[in-house]
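In: The following comprises the amino acid sequence and a computationally predicted model.
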Amino acid sequence: MKAQLTMKGNVARSVNPYGCRQEVLNEINYVKAQPKFEGAKKALIIGGSSSYGLSSRIACAFGSGADTICVSFERGPKEESNIGTAGWYNNIFFREFAEKEGLIAKNFVGDGFSLEMKENVIRYIKESFGGKIDLLVYSLASGKRVDKDGKTWFSSLNPIGQDVSGESINLETEEMYIQTVKAATPEEVEGTIKVMGGEDWEWWIELLREAGVLADNFKTVLYSYIGPKMTHAFYHDGALGKAKDQTEESAARITESLKSIHAKATIVVAKAVTTKASVVIPILPKYLIALYKIMEEEGTHETPVMHIYRTFRDMLYGNEPNYDEKGRLRPDSLEQNAETQRKVTELFNKITAENFKEDFTAYKLFKKEFLNLNGFEVEGNTIDEFPFEELLKLEP
Ligand code: NAD
C-alpha cells in the first residue's frame, strides 16, 4: 500500500508510518548533536507520543540518558484505509531507537485519565523500572476526560464573555477565511478546566507519592501557553486560558504535598509551535505564520524538540532558569520579546487572504511542519510504499 495524505480542514486523516520514524530519528539526531546535560534519569511522560511530550521524551533520553515511560492515547492499524495515528508509530519507533542505545522505553497506550492506567504504570515502575521516577512531564492535550466518578467532561477552545472573530487558515483548502467563535458557556468553561486543568496531574502525583515511587528532588512540569496580547481574546482569556491558570494552583499544591522529598512542580510557559492540538485553535494560524517568519529572520524559530531541549538543558536542569513573578519558567521569552512582537504585529497586519501564501510569511514552513507531524514531507529516508501486514507486526 501507499501512504497518501488526506486531510479535513486542519486535521490530518492519514499517516505515513515510516515518515514518522524518520521524523522521530531527525529529532533524536538533533538532540544527539547538542551537548549532553545532567538531567532526568527516570522519566514518566504523560502525553509523550507527539509534539511537546515526545520532544520531552527525546530530550530526556538522548540529552540526559533517561529511561522513559510514555502514556498516550493512540490507535494502531485496523485496515488499509485506517492504519492508525502518528503517535502510535512515534511510540514504536522511539522505543526501537532508544532500545538500540540501551535505554528502557516503555509505552502504555490507553486512557491516561483513568485509575487503571495510573495503577498499571505504578506497578511497572515498582517491578521493572527501578522503583522510582525523578521526572513527570504532564503534556496531555485532549478534547475530553472521564473523571474519577465516571463523569465525562469536554474541553472547549472558545473565548469567554464574547464571541470573537478573526482570520484563520484552512490547511486543506489553503484558504484564509473569517472564523467566528462563540463565547463558551459556563458549563463549557468548567469542562475545559476539568480536562485541560491540573486536576488529573494532581491525581497522578498523589497516587505516585502514596506508592512511594517518587525520588528525592523529583521534578514535575506541565506546559502552558500565554502568548502576546493579540491572541488573548481567543486563547489566554478564553476557556483554555482559564484551565491553564488553574494549573498554577495545582502546581503550588503539588509542591506543598511533596515538601518532604524536596520536589517541585513547575509550570513551563512554552512557545507557540505547530502541533495537532495548536493548529485547530481558532484564529491562531495567522498569528503563527507571522510569528515564525519573524523568529526565522531573528534566528530564534524553534520546533518542539529544539524548544524543550533548550528548556531542559538551560532552565529545568541548568543555570539559566528564567522564572517570572509567579514562579513559572518562561522559555517563551523569545516569542514574547517586545521588539519581536512589534515586528510580528506589523507583518500580521500586512497578511491578507490574497497574499498569505507568499514568501513574506512563514505559511510554507507552517504547512510543512504540519505535514511532518503525520510523517509527510519529512527530510531524510522515508518509505511511502509498504505492505499493510508489516504494520500489524509493529508492537508498542
Ligand atoms: P499533542 O496533541 O501533540 O499531544 C497530546 C498528547 O496527549 C498525545 O501524546 C496524546 O496521545 C495524549 N493524549 C490525549 N488524550 C489522552 C488520554 N486520554 N490519555 C493519554 N494520553 C492522551 O499536543 P501538544 O500541542 O504537544 O500539547 C501538549 C501540551 O502542551 C498541552 O498541555 C498544551 O496546552 C501545551 N502547549 C502547547 C503549545 C503549542 O503551541 N502546541 C504551546 C504551549 C503549551
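Out: Structure received. Numbering: from 1, shown residues only.

In: Now do the contacts for residue 180.
Out: 163-165 (CB atoms under 8 Å, 6 or more residues apart in numbering). (Each C-beta comes from the backbone N, C-alpha and C, glycine too.)

In: pLDDT score for the closest residue to residue 158 other than its chain neighbours?
Out: Among residues not flanking residue 158 along the chain, residue 184 sits closest, at 3.8 Å (CB to CB, 6 or more residues apart in numbering). Looking at residue 184, its pLDDT reads 96.

In: ok but residue 45 is inside a strand, no?
Out: Yes - counting by DSSP: H, G, I helix; E, B strand; the rest coil, residue 45 is part of a strand.

In: thinking it is in contact with residue 61, fair?
Out: No - the pair residue 45 and residue 61 does not pass the contact test of CB atoms under 8 Å, sitting 9.9 Å apart.

In: shared neighbours of these two, anything?
Out: residue 68.

In: more neighbours, those two?
Out: Neighbour count, other CB atoms under 10 Å: between residue 45 and residue 61, residue 45 has more, with 28 against 24.

In: Let me see the contact set for the more buried one.
Out: Here residue 45 is in contact with 53, 56-57, 60, 68-71, 136-137, 139 (CB under 8 Å, 6+ apart).

In: same thing with residue 358?
Out: Counted by CB under 8 Å, 6+ apart, residue 358 has zero contacts.

In: Now stretch 378-389: average pLDDT?
Out: 94.

In: buried set for it?
Out: Neighbour-count burial for stretch 378-389 flags 378, 382 (criterion: 16 or more other CB atoms under 10 Å).

In: Can you check the distance spanned by it, start to finish?
Out: End-to-end distance for stretch 378-389: 23 Å, by CA to CA, to the nearest Å.

In: any idea how far it is from the chain center?
Out: 24 Å (CA atoms, centre = their mean, to the nearest Å).

In: surely residue 267 meets residue 247?
Out: Yes - look at residue 267 against residue 247 with CB under 8 Å: they come within range, at 6.0 Å.

In: so what sits against both of the two?
Out: 222, 224.

In: Just say helix, strand or coil for the residue lying farthest from the centre of the chain.
Out: Residue farthest from the centre of the chain, counting by CA atoms, centre = their mean, is residue 354 at 31.4 Å. Following three-state DSSP, the label given to residue 354 is coil.

In: Please apply the same query to residue 149.
Out: Following three-state DSSP, we place residue 149 in the coil state.

In: Looking at this protein, which helix is longest?
Out: The single longest helix within the chain, with elements called by DSSP state H, is helix 239-257.

In: circling back: taking the contacts of residue 45 together, which two end up most distant?
Out: With CB to CB as the measure, no two of those lie farther apart than 60 and 71, at 14.5 Å.

In: where exactly do the helices run in this structure?
Out: Counting by DSSP H, the helices of the chain are 17-32, 51-64, 86-100, 115-128, 186-196, 199-210, 239-257, 284-298, 304-310, 333-336, 338-348, 363-373, 388-392.

In: Name the residues of the longest one that are buried.
Out: When you say that, I think you mean helix 239-257. For helix 239-257, using 16+ other CB under 10 Å, the buried residues are 239-248, 250-251, 253-255.

In: near the ligand, which residues of the stretch 151-300 of the chain show up?
Out: Taking CB under 6 Å from any ligand atom as the contact definition, the stretch 151-300 of the chain meets the ligand at 223-225, 270, 272-273, 275-278.

In: Take these and keep only those in strands.
Out: Those of those mapping onto strands are 223-224, per DSSP state E.

In: Of the residues of the stretch 151-300 of the chain next to the ligand - the most surrounded one?
Out: Neighbour-wise, those (other CB under 10 Å) top out at residue 223, 26 neighbours.

In: beta partners for that one?
Out: Using DSSP bridges, the beta-bridge partners of residue 223 come out as residue 268.

In: and it, what is it in contact with?
Out: With CB under 8 Å, 6+ apart, residue 223 has these contacts: 52, 138-139, 268-270.

In: got these as JSON lines, with distance to residue 336 columns?
Out: Below are these laid out as JSON lines (distance: CB to CB, whole Å):
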{"residue": "52", "distance to residue 336": "18"}
{"residue": "138", "distance to residue 336": "23"}
{"residue": "139", "distance to residue 336": "21"}
{"residue": "268", "distance to residue 336": "14"}
{"residue": "269", "distance to residue 336": "9"}
{"residue": "270", "distance to residue 336": "11"}
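
In: Name the residue of the stretch 101-250 of the chain that lies nearest to the ligand.
Out: Using CB to the nearest ligand atom, the single residue of the stretch 101-250 of the chain nearest to the ligand is residue 112, 3.0 Å away.

In: That residue contacts residue 44, correct?
Out: No - the criterion here is CB under 8 Å, and residue 112 misses it with residue 44 at 10.4 Å.

In: Which neighbours do these two have in common?
Out: Common neighbours of residue 112 and residue 44 (CB under 8 Å, 6+ apart) are residue 71.

In: higher neighbour count, those two?
Out: Shown here are residue 112 and residue 44; by other CB under 10 Å, residue 44 has more neighbours (31 against 22).

In: what's the nearest residue to the residue of the stretch 101-250 of the chain closest to the ligand once chain neighbours are set aside in contact with, if anything?
Out: If the residues on either side of it in the chain are set aside, residue 112 comes closest to residue 71, at 4.5 Å by CB to CB, 6+ apart. Residues near residue 71 by CB under 8 Å, 6+ apart: 44-48, 108, 110, 112, 117, 121.

In: among these, which ones are buried?
Out: Buried by 16+ other CB under 10 Å: 44-48, 108, 112, 117, 121, out of the contacts of residue 71.

In: could I get the residues you listed as CSV with distance to residue 366?
Out: Shown next, in CSV, are the buried ones among the contacts of residue 71 (distance: CB to CB, whole Å):
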residue, distance to residue 366
44, 31
45, 26
46, 27
47, 22
48, 24
108, 32
112, 28
117, 34
121, 35
